[in-house]
Every structure is written in structure tokens, then in C-alpha cells.
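Colleague: Quick one: sequence and predicted model below, then my questions.
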Amino acid sequence: MKAIAAAIERWFAPDSPAERLAAVRILVGSFTLLYLGVRLPHIASYLSFPARQFQPVGILAPLDGPPPGAVILAVSALAWLAALGFTLGWRYRLTGPLAALLLLVTFTYANSWGQIFHTENALVLTVLVLAVTRAADASSLDARGSPAPAPHARYGWPLRLLCLVVVATYFLAGIAKLRWGGPGWMGGTVLRDTIAADSLRKILLGSAHSPIAEALLGQGWMFRALAVLTLVVELGAPLALLHRRIAAVWVLAVIGFHLGVLLLMTILFPFPLSGIAFAPFFRAERVTGWIAARLRRFRARRSPAGSGSP
């Protein structure tokens, strides 16, 4: 039993470089800043909605009505500023948890007006995990001038936990499809009917819809194949935990799946499509290192010394 427990511990908390966890923090934080900046005008638009449309969910469920508009604007602005501190690793013990909490409140508020954006849930979960870890021990303003720490399990278990969160998300989605569609899902009928209903609703409401879906709805064989492939990708998610190469194949399949959803249903899942949601599976420090090197070369070319000016 002790040997099994030790093997599980080594798997769940492997020694990892601090730079790897920091790279995931930087990538996720950068995405959060961009995404939240794009979403803020949409969130602000809810201030003009009738209060009766507010159906609070999650941590806002105890509320009887929408919070004052000034509070929402302040929380959203503070969420962006905290996310900036999170990304830069500045006073991380404060800005990390604060960013996670304010993002949770901001997106919960947006989801309380009707449609729940599941991709935002995945983003908030990722930030929540990173916020309570030592993700700013390297490549951060807090660690500026300090030598990089040696690889340690404290940097490995958050990455493994994030991988488990991603895998669980897709695996549970596959289980939900089987519970919802039953054996009919494998035949492609449920998938085709779902896409057809989505297209019809968007046409009737005057929303953007996929002309590709309209052209392909008569191809029953294709939807049977897509239904099976969807289940293979989602129920096969745990295989990504076995090896980095398997994870790479699975991630490519997931990105292809989301591209298919975008083409057939005009539904965008920006976090997974960016690839950043899957950064914990890989050596993310190579990505941030490559970006940093490119930025250094760009600054060198732009500097007077680099341009040959006196």
C-alpha cells in the first residue's frame, strides 16, 4: 500500500520547474486580460436590462435582484486590474486570489442574465487553481532579481490538477451526451436534430447562423461519424494523462472538435480554441521563452544601438 501511495504521490506531484507553472500563469493571465476586455462592454449592457430578467446563479444565487450598476462596473474594472497583477506576478499573494474572486463574481453576474457560458467556467476554474499556488516564484515582478527556484513538487501538483480539471470537463461532457441522447446519440440523429434546431432558432431570431450546417443536414452518415468522434474525444480525455505525446494528439482532436462546433453552430469557445486551456499538459515555458526572445530581438532592432544610430 505504501508503494502504491508513493507512486500516486509521484504522479500527482512530480518535481517541475517553477518557470513552467509561471508560464501557465502568464499565458492564462494574458488570455484573461484580452477576453475580459472584450467582454466588458457586453457585461455593461446588462445594466439596461429589466430587473425581472436577472436570475442569479452560483455565488450570486442569494440575491433578490441585480446589484447596483456602479458596483458591477467597479468590480469588473477591478477584476481587469487584478488580472493584470496576476499576469505580471505583482504582489501575487494579493492579486492572485483577488483576480480569481473578482472574475468569479463578474462572470457569474453575466451568466445570471440567461445563457451560461461554460467556457468562462473553465477559465475561472483555471485562474482559481493558479491563484492559490506558487505560480509567481519565477518570471514575475515579485521574483525579479531572485534566482530561479529548483524544480519541486509545489510547482508540479498545480499543473497536474489543472490537467485533471480539463480532462474531467470533457469526460463529464461525454457522459452528459450519453445520458441525454442515449443510444440515439451514436446514430447521429440527436446531434443532427440539435444542430438543426439551433440553426432554425438563429434564423428565426435573425442571429448569425451557419450556412454550412444548412447544406449538410441531409448527410446522415456525416453526423453519425461526428457523433461517434465526439464521444471518442470526450470519453477518451483521461488518456491525455498518460503521456505528453498522447496529450498532444488529444488536444489537436479537441481543437478540431471546437472548430467543428464553430463551423456548424457558430458557437465560439475561445479559451480552448486558443490552446491556452491545454498549456498545463506541456512545457509551457518554451512558449513564453520563445515570445520573450522575440520581444528582446524586436527591442534590440528598435533601439538606437541596434539601428546603428550614434
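Modeller: Ah, there it is. Values in this document were obtained by computation on a predicted structure and should not be read as measured data.

Colleague: Okay, now the unreliable bits of this structure?
Modeller: Within the chain, the segments meeting pLDDT under 70 span 304-310.

Colleague: Provide a list of residues in contact with the closest residue to residue 157 other than its chain neighbours.
Modeller: Once flanking residues are discounted, residue 157 sits nearest to residue 13: 4.0 Å by CB to CB, 6 or more residues apart in numbering. For glycine as for every other residue, the C-beta is placed from the backbone atoms N, C-alpha and C. Going by CB atoms under 8 Å, 6 or more residues apart in numbering, residue 13 touches 153, 156-157, 160.

Colleague: In helices, which of the residues you listed appear?
Modeller: The helices, defined by DSSP state H, take in 153, 156-157, 160 from these.

Colleague: re the thing from before, of the contacts of residue 13, keep whichever come out buried.
Modeller: 156-157, 160 (16 or more other CB atoms under 10 Å).

Colleague: could you dump the residues you listed to CSV with distance to residue 54?
Modeller: Converted to CSV, the buried ones among the contacts of residue 13 look like this (distance: CB to CB, whole Å):
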residue, distance to residue 54
156, 42
157, 39
160, 38
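
Colleague: Tell me the one of those residues nearest residue 239?
Modeller: When the buried ones among the contacts of residue 13 are ranked by distance to residue 239 (CB to CB), residue 160 comes first, at 15.4 Å.

Colleague: Look up how far residue 11 lies from that closest one.
Modeller: Distance, residue 160 to residue 11, using CB to CB, to the nearest Å: 7 Å.

Colleague: Equivalent analysis for residue 266, please.
Modeller: In terms of CB to CB, residue 266 sits 40 Å off from residue 11.

Colleague: Neighbour count: those two, which is higher?
Modeller: Using other CB atoms under 10 Å as the criterion, residue 266 and residue 11 rank with residue 266 on top: 17 against 11.

Colleague: got a list of what residue 42 touches?
Modeller: Per CB under 8 Å, 6+ apart, neighbours of residue 42: residue 110.

Colleague: what's the offset of stretch 122-138 from the middle of its chain?
Modeller: Taking the mean of its C-alpha atoms, stretch 122-138 sits 12 Å from the chain's own mean (CA atoms, centre = their mean, to the nearest Å).

Colleague: can you check stretch 284-295 too?
Modeller: With CA atoms, centre = their mean, you get 20 Å for stretch 284-295.

Colleague: What number of residues are in the vicinity of residue 247?
Modeller: Residue 247, neighbours per other CB under 10 Å, totals 21.

Colleague: quick one: contacts for it?
Modeller: So residue 247 contacts 163, 240-241, 278, 281-282 (CB under 8 Å, 6+ apart).

Colleague: let's go with 6 Å and repeat that
Modeller: Residues near residue 247 by CB atoms under 6 Å, 6 or more residues apart in numbering: 240, 281.

Colleague: Great, nothing more from me.
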